[in-house]
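*Asks:* Predicted structure and sequence below. I'll ask about it afterward.
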Amino acid sequence: MPFALFRDTPVDTLPANVLVLQLQPDEGISLQFGAKQPGPIIHLGGVRMDFRYRDYFNTEPSTGYETLVYDCMIGDATLFQRADSVEAGWAVVQPILDVWRSDKSVPLEFYTAGTAGPDAAEQLLWRSGRQWRPLT
């Protein structure tokens, strides 16, 4: 290439782009990425874009149950699964359940409700050189 814009940029030390989907109770989305700072010199700066429902709509989001009960009352099936979709999901999950039931050597991990999950999930990420991003 005749010109490499980021030739002198230490690519190996650049922060990763991060997309964070936030679920209950603080629903929203956050995107972090690097962008060229204005000016003639190539300098990258971090950008963070945040969206929270409560900040933009001046109301607390309703629970999923409120929405589903209301949809039942008005006969709107848009947010409900069709039977063929439910059957397709079970076709994937049932063989796993069958193996756990029949082969006790296959580990089944348990964890306390409200926690981030079993330790085995953390170990799985660490073995592949990854880790969960700390909550901020």
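*Replies:* Everything's here; your move. Numbering: from 1, shown residues only.
*Asks:* what about the residue positioned nearest the centre of the chain, distance to residue 133?
*Replies:* Nearest to the geometric centre of the chain sits residue 21, at 4.8 Å (C-alpha atoms, centre = their mean). Taking C-beta to C-beta, to the nearest Å as the measure, residue 21 falls 12 Å from residue 133. Quick note: C-beta positions are derived from backbone N, CA and C, even for glycine.
*Asks:* try residue 124
*Replies:* 16 Å.
*Asks:* Show me the strands in this protein, by range?
*Replies:* 18-22, 28-36, 44-52 (DSSP state E).
*Asks:* Single out the most deeply packed of these.
*Replies:* Neighbour counts (mean count of other C-beta atoms under 10 Å) averaged over each of those peak at strand 28-36, with a mean of 14.
*Asks:* where does the protein dip in pLDDT?
*Replies:* The model of the chain has pLDDT under 70 over residues 1-13, 61, 134-136.
*Asks:* Okay, helices next: where are they in it?
*Replies:* According to DSSP state H, the chain carries its helices in the segments 53-57, 64-74, 83-102, 119-127.
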